[in-house]
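[1] Below is the sequence, then the predicted model.
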Amino acid sequence: MEILKPAMAGTLESSDAQVMVEPGEDGIELTLESSVMNQYGRQIKATVLETLERLGVENARVAVVDKGALDCTIKARVECAVFRSCGKSSADIPWGGAVR
Amino acid sequence: MKNAVGREIPDFLLENGKEVYQGKNYMDGKYLQKAAPKTRRYEKPQESKIVESLADALRQCGAKSGMTFSFHHHLRDGDFVVNMVMKAAIEELGLEDLTIAASSLGSAHDPIADYIEQGKVIGIQTSGIRGRMGEVVSKGKLKTRAIIRSHGGRPRAIEAGEVHIDIAFIAAPTSDCVGNCRGIGGKSNCGSMGYAMTDAKYADHVVVVTDCLVDFPNMPASVEAIDVDAVVVVDSIGNPKKIASAAARISQNPRDLMMAEDVAKVIASTPYFKDGFSFQTGVGGPSLAANLFLEKYMDERNIKMGWAIGGICGPMVEMLKKGKVGKVIDVQDFDLDAVNSINQTPNHFEMSASQYANPANKGAFVNKLDFVVLAALEIDTGFNVNVLTGSDGILRGAPGGHPDTAAGSKCCIIVTPLIRGRMATVCEHVVTVTTPGDCVDVLVTDYGIAVNPLRPDLIECLDNAGIKHVPIEELKEKAYSMVGRPDDLQWEDEVVAVLEARDGTILDVIRKIKPYSLEND
């Protein structure tokens, strides 16, 4: 999936994460801030990268500001930001495919 | 050397007879030589002890570099006195190498972080440490290792001379011209002044700082003129809005209420729940709400609470006024209802920190406690509790009376949600052990109850009452299944703070935190 325009999903509320994606050229460029960085930074990074890979995103600048979100929330916010960036509406989201 | 809670205590800390934590009641029966202060005689009658300024008071008390100044925290996050005194000492008198020995410190004291970074303040001994001060200490900026003590451990250390106070500063809502102080009657009222009492008795010099001078004699005095060298009148000792909150409200959060109900059920299942029982509760959501449900059981069985202690707030005063509790004995007040009640409502008394919780005197109030209900940042499968360090390893809390009441009480109940955001409250190993697991009896969470296997008697009580409980490991696994298993925190070797058990042995150490980088792995 190709990132066409900047897009954002999520909030800065406690237990949520805000994900911003922008078009990129040279692979995935991830910046991560988290209120639980010391204990979960590695896992959050892995979750974000796995989700992008599953969606077939190869080039993007991704910024995640995490406020202690669970993995399921992080996945959902990343997916949403990516779909918004390439103009997908609810009709053409791959439910049951890349989104499980 | 490993201590009784499995923490590795570096050998270099074990000098001058310092020992590692050996378990509850290890010091029982041993003798203690109390240290006495060197105090000045004021034989010639004095009309007044009022001096012009803090700087004058400091000079009169012979303040010099390297001294230890003590403070108490009844003004909580509204306190102006610590910053005011340190500013006068450092910026007006040019003193250096000072140590602050406070009953607690909060984010009101952020400016002290600058003095630590400048090397003007080189020692911190406290229960609570938060905000910027917690951060700079965790980063290893303090020249000496900080010492963290419980509210009972502090008067023990003062009486034993382990901390010698050169000048004690008493933040007094009211004082007369010779230094009789009370926590009420002024414009920055705090109620009880219990944490200041040992300081006033054991410090070489005592300075009263007040913003409300009243007629002599200010009675009954919490700190007495016989111990006071000087009185300084300032514009304001604190922000009343932050000293005592408006009435502490009982939580309406259904999760808190559910846990509170379980706490009350557990209490009612034990043999200690009988007429005249004693009780302490924190002011956190579910802890405070336990009052409400407990009252129902008390009515049902037609019994009354004999007495309650602790930090006191409105709902407990309310129960006193309704005659549901016989006596309230108070070391600190959290809200205006409590502040306005102490020494006014019959049977609402003040006590010192030593009387409250000191394990080295001949019988503190905590030793007669039946129940205490407490919160936790983290609790591990050994029932060890952390209320001091955050999940990032930074100092941002306070043991307070937690270890003292847990150790003294017959039944210590920890109530906490299983997870907070992504943090597992029930975990494999707490970051820092502030209350040892051998003092903690029951854990109540929103996902189930666990009883410490050290208490088969309580397990039987719960079983007989049909209260479901599970091994604590099960709760930990449940938490990790939701949030994932946390990575271990990364530390440097350097010890930045020593956490003393209430008996003075070393319970844990806090090391300098390694800056986190995602690229490390």
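    Everything's here; your move. Residues are numbered from 1 along each chain as shown, chains lettered A, B, ... in the order given.
[2] Can you name the residues of the stretch 351-500 of chain B sitting close to chain A?
    Neighbours of chain A within the stretch 351-500 of chain B, by C-beta under 8 Å from any C-beta of the partner chain: B:391-393, B:420-423, B:482-484, B:486-487, B:489-490. For the C-beta atoms, the positions are set from N, CA and C on the backbone; glycine is no exception.
[3] Could you turn the buried ones of the residues you listed into a PyMOL selection?
    Applied in PyMOL, the following selects the buried portion of these according to 16 or more other C-beta atoms under 10 Å in any protein chain shown:
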select buried, chain B and resi 391+392+393+420+421+422+423+483+484+486+489
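[4] In helices, which of the residues of the stretch 351-500 of chain B next to chain A appear?
    Using DSSP state H, the members of those that fall within helices are B:482-483.
[5] which residues does residue B:222 contact?
    Residues in contact with residue B:222 (C-beta atoms under 8 Å, 6 or more residues apart in numbering or on different chains) are B:181-183, B:192-194, B:196-197, B:350.
[6] Could you find the closest non-adjacent residue to it?
    residue B:193 (3.8 Å; C-beta to C-beta, 6 or more residues apart in numbering or on different chains).
[7] doesn't residue B:353 make contact with the one you found?
    No: counting by C-beta atoms under 8 Å, residue B:193 sits too far from residue B:353 to count as a contact (10.0 Å).
[8] who has more neighbours, those two?
    Taking neighbours as other C-beta atoms under 10 Å in any protein chain shown, residue B:193 and residue B:353 compare with residue B:353 leading, 30 against 27.
[9] Would you agree the more buried one is in contact with residue B:194?
    Yes: using C-beta under 8 Å, residue B:353 is in contact with residue B:194, at 5.4 Å.
[10] so residue A:2, which of the three states?
    Put simply, residue A:2 is coil when judged by DSSP: H, G, I helix; E, B strand; the rest coil.
[11] I figured it was touching residue A:88, is that so?
    No: counting by C-beta under 8 Å, residue A:2 stays clear of residue A:88, with 11.5 Å between them.
[12] Comparing the two, which residue is more hemmed in?
    Remark: of residue A:2 and residue A:88, residue A:88 carries more neighbours, 15 against 12, as counted by other C-beta under 10 Å.
[13] for chain B, what are the nearby residues on chain A?
    Going by C-beta under 8 Å from any C-beta, the residues of chain A near chain B are A:14-15, A:32, A:35-43, A:45, A:67-71.
[14] longest single helix anywhere in chain A?
    Looking across chain A with DSSP H, the single longest helix is helix A:37-54.
[15] now do chain B
    helix B:285-301.
[16] would you put the C-alpha positions of that one in PDB?
    Output of helix B:285-301 as PDB, limited to C-alpha atoms (Å, rounded to 0.1, in the frame of the first residue of the first chain):
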ATOM      1  CA  GLY B 285     -10.500   6.100  45.200                       C
ATOM      2  CA  PRO B 286     -11.100   2.500  46.200                       C
ATOM      3  CA  SER B 287      -9.400   2.700  49.600                       C
ATOM      4  CA  LEU B 288     -11.600   5.600  50.700                       C
ATOM      5  CA  ALA B 289     -14.800   4.100  49.200                       C
ATOM      6  CA  ALA B 290     -14.200   1.000  51.400                       C
ATOM      7  CA  ASN B 291     -15.500   3.200  54.300                       C
ATOM      8  CA  LEU B 292     -18.900   3.300  52.700                       C
ATOM      9  CA  PHE B 293     -19.300  -0.400  52.300                       C
ATOM     10  CA  LEU B 294     -17.700  -1.200  55.700                       C
ATOM     11  CA  GLU B 295     -20.400   1.000  57.300                       C
ATOM     12  CA  LYS B 296     -23.100  -1.300  55.800                       C
ATOM     13  CA  TYR B 297     -21.500  -4.400  57.400                       C
ATOM     14  CA  MET B 298     -21.100  -2.500  60.700                       C
ATOM     15  CA  ASP B 299     -24.800  -1.600  60.800                       C
ATOM     16  CA  GLU B 300     -25.800  -5.100  59.800                       C
ATOM     17  CA  ARG B 301     -23.800  -6.600  62.700                       C
END
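[17] That one and chain A, are they touching?
    No: counting by C-beta under 8 Å from any C-beta, chain A has no neighbours in helix B:285-301; the shortest distance is 15.4 Å.
[18] For that helix, give the mean pLDDT please.
    Helix B:285-301 carries an average pLDDT of 92.
[19] What about the nearest residue to residue B:292 once chain neighbours are set aside, how many residues nearby?
    Closest residue to residue B:292 apart from its sequence neighbours, by C-beta to C-beta, 6+ apart: residue B:250 at 5.6 Å. By other C-beta under 10 Å, 17 other residues sit near residue B:250.
[20] residue boundaries of the helices in the stretch 151-300 of chain B?
    B:153-159, B:197-202, B:240-243, B:254-268, B:285-301 (DSSP state H, counting those that start in this stretch).
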